[in-house]
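>>> got a predicted structure here, sequence first:
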Amino acid sequence: MRLPLPASPAPMHPPRLLLAAALVALCTVLAGCGMFHDTKRAEPYTQGEWMESGANRVANLALRDNLESVRRVQLSLYRRNPREWRKWAASADDAVARTWQAIDPGLPLPWLRGASGIEAVRLAFAPPETYAGDRVAALVTGWAALLKQANGDTWRQTMIDGISAENAFRAARNFEISLWLLTSRTGADGQPLLLSTEISERGRNLLVDRELSKVVARLDLLAAQADEKYRRAALDFGQNWLMGNLGPLLAMVPR
């Protein structure tokens with residue numbers, strides 16, 4: 001006597017099959033998202049972001065953070081050197097705002113006499129008889145130009161732009177030199193041209209050192225990433241050519 005065979009399940013119709021696959025994929029995505037914790041720093045999508053590659057996005061985020069570090073340093077230097085913002089502004093915050101209003105469109109501050117980039121940084125540490133303008137604004141203007149040059153000479157990269165490894169590396173070294181000059185360059189009276197770091201019985205103020213060190217680290221990482229990008233380009237091309245031509249043959253080799 002033969003036992004009756006169990007009835008086979010009814011075949012699933014294509015629409016139902018697609019719906020089931022979509023539900024499985026959605027559950028997988030939701031489960032995966034639950035494994036990550038948001039840092040609360042993510043920005044909403046913008047229309048221009050569709051023109052950015054992953055490398056562009058990383059570079060733009062690094063530039064954003066570097067500019068924010070420079071702003072913090074600027075405000076800290078103004079608070080410790082109020083004579084600088086008093087040369088042309090009503091307050092430290094006013095001097096910060098007016099400086100960046102000139103930086104964003106690329107309008108030079110009049111007392112810089114057209115200096116930009118490393119030339120503006122050098123002017124910030126020039127002797128008082130040579131330069132009488134705002135030294136902090138000169139520093140910030142020079143730093144911003146260095147960061148823009150390292151970012152492919154643009155404030156926002158797209159897929160047609162890229163990091164200049166050489167400019168990023170040079171900018172990192174120039175920021176290191178700037179930090180050294182802040183702690184070593186003095187006037188004729190032996191006093192620092194700009195007060196920055198303080199370690200005394202009154203407390204410790206290391207904001208300038210900390211923020212400029214962050215800028216150096218980000219620039220060095222971007223320079224290394226740019227170098228690796230071009231180095232890997234040749235390897236990726238060779239690997240793709242090899243697997244495209246020999247891949248079918250290699251797949252026939254018994255293992």
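It's in.

>>> quick one: residue 160 is in a helix?
No - secondary structure of residue 160 (DSSP: H, G, I helix; E, B strand; the rest coil): coil, not part of a helix.

>>> residues contacting it?
If a contact means C-beta atoms under 8 Å, 6 or more residues apart in numbering, then residue 160 has no contacts. Glycine gets a C-beta too; all of them are placed from N, C-alpha and C.

>>> phi and psi next, for it.
Residue 160 adopts backbone torsions of phi -90, psi 0, taken as degrees, to the nearest 10.

>>> look at residue 149 and report its pLDDT.
You'll see residue 149 listed with a pLDDT of 92.

>>> helices or strands up against the host helix or strand of it?
Per DSSP states H and E: residue 149 is located in helix 135-150. Applying 3 or more C-beta pairs under 8 Å, 6 or more residues apart in numbering; DSSP states H and E, we find helix 135-150 packed against helix 54-80, helix 82-85, helix 92-103, helix 118-124, helix 165-184, helix 207-252.

>>> in the first one, which residues are buried?
In other words, helix 54-80. Buried residues in helix 54-80, defined by neighbour count with 16 or more other C-beta atoms under 10 Å: 55-56, 58-60, 62-63, 66-67, 69-71, 73-78, 80.

>>> low pLDDT regions in the stretch 1-150 of the chain?
1-50 (pLDDT under 70).

>>> let me redo that: the stretch 151-255 of the chain
199-204, 229-255.

>>> okay, the helices and strands packed on helix 135-150, which one's buried deepest?
Neighbour counts (mean count of other C-beta atoms under 10 Å) averaged over each of those peak at helix 118-124, with a mean of 21.

>>> just the CA trace of that helix, in PDB.
C-alpha atoms of helix 118-124 as PDB (Å, rounded to 0.1, in the frame of the first residue of the first chain):
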ATOM      1  CA  ILE A 118      51.500  81.200   2.100                       C
ATOM      2  CA  GLU A 119      52.300  84.900   1.400                       C
ATOM      3  CA  ALA A 120      49.400  86.000   3.600                       C
ATOM      4  CA  VAL A 121      50.700  83.600   6.400                       C
ATOM      5  CA  ARG A 122      54.200  85.100   6.100                       C
ATOM      6  CA  LEU A 123      52.700  88.600   6.300                       C
ATOM      7  CA  ALA A 124      51.000  87.700   9.500                       C
END
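
>>> run through who's touching it.
112, 115, 131, 133, 135-136, 138-139, 141-143, 145-146, 174, 177-178, 193-194.

>>> now do stretch 206-218
Contacts for stretch 206-218 (C-beta under 8 Å, 6+ apart): 62, 65-66, 69-70, 72-73, 76-77, 143, 147, 172, 175-176, 178-179, 182, 196-197, 199.
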